[in-house]
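Asks: please work out how this folds:
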Amino acid sequence: MIAPNVHSNDIEGKNKKLSFNPTFEEFNLVHYQIKGVNTIPISGIFQMRQISSREISILVKLRLNIQTNNFDNCQVNIPFFNKGRVYDYNSNPTCGAVKINNDQTSITWDIGKKFPGNKDIALAAEITFDNDISRISLDKDGDNLFCTGKNCYVEVIFDIPN
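Replies: Numbers count the residues shown, from 1 in each chain. Have a look, this model is predicted:
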């Protein structure tokens, strides 16, 4: 089921893409089911707080909900379009490593191939921006049109071997 404010979608192939106009109220964008999977492999929360006009703090908590704890790849991408380029960061991941991406408008948390024994992981970070958003160009997906003010998202990318 797709929300009524979705004006285009491409659900063919491996990657799924939706274009929509967000409302001011909280809403469910998509409700979906995957056949043969009884639970979502990874669940989590994301919090972002403004510390100053140039600095934010973030907290990402992830939980592994399946027995398989072996990945070909597991990483978290956090874009910060319309905030300026990432000037500096101080991070404290419970596992893996954090880096500023080449575009300097996002960070990546490389979790690695396994969650630690308790299957709960977290990333706390403070991020400082240069506030010069004039140098930031539109990305091909238009994500930076959505990521303004307090809007932001976390993308969890993982591959589980067969």
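
Asks: so where do the strands sit in this structure?
Replies: Under the criterion DSSP state E, the chain contains strands at 6-10, 17-20, 42-50, 55-64, 73-79, 86-93, 97-100, 106-110, 120-129, 155-159.

Asks: could you dump those strands into a markdown table with distance to Thr148 added?
Replies: Every residue, glycine included, has its C-beta placed from N, CA and C. Formatted as a markdown table, those follow (distance: least, C-beta to C-beta, whole Å):
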| stretch | distance to Thr148 |
| --- | --- |
| strand 6-10 | 19 |
| strand 17-20 | 15 |
| strand 42-50 | 13 |
| strand 55-64 | 13 |
| strand 73-79 | 12 |
| strand 86-93 | 16 |
| strand 97-100 | 20 |
| strand 106-110 | 15 |
| strand 120-129 | 13 |
| strand 155-159 | 17 |
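
Asks: export those to a markdown table and tack on mean pLDDT and mean neighbour count?
Replies: As requested, these are exported to a markdown table (pLDDT from 0 to 100; neighbours: other C-beta atoms under 10 Å):
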| stretch | mean pLDDT | mean neighbour count |
| --- | --- | --- |
| strand 6-10 | 56 | 11 |
| strand 17-20 | 65 | 14 |
| strand 42-50 | 90 | 14 |
| strand 55-64 | 94 | 18 |
| strand 73-79 | 92 | 20 |
| strand 86-93 | 94 | 15 |
| strand 97-100 | 95 | 14 |
| strand 106-110 | 95 | 20 |
| strand 120-129 | 95 | 18 |
| strand 155-159 | 87 | 13 |
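
Asks: over to Arg85: give its phi and psi.
Replies: The phi/psi pair for Arg85 (degrees, to the nearest 10) reads phi -80, psi 150.

Asks: was I right about it contacting Asp130?
Replies: Yes. Assessed by C-beta atoms under 8 Å, Arg85 is found in contact with Asp130 at 5.0 Å.

Asks: quickly list what's touching both of the two.
Replies: Counting by C-beta atoms under 8 Å, 6 or more residues apart in numbering, no residue touches both Arg85 and Asp130.

Asks: which one's more surrounded, those two?
Replies: Remark: of Arg85 and Asp130, Arg85 carries more neighbours, 17 against 14, as counted by other C-beta atoms under 10 Å.

Asks: give me the contacts around stretch 84-96.
Replies: Residues contacting stretch 84-96 (C-beta under 8 Å, 6+ apart): 54, 80, 98, 100, 104-107, 109-112, 115-116, 120-133, 135-136.
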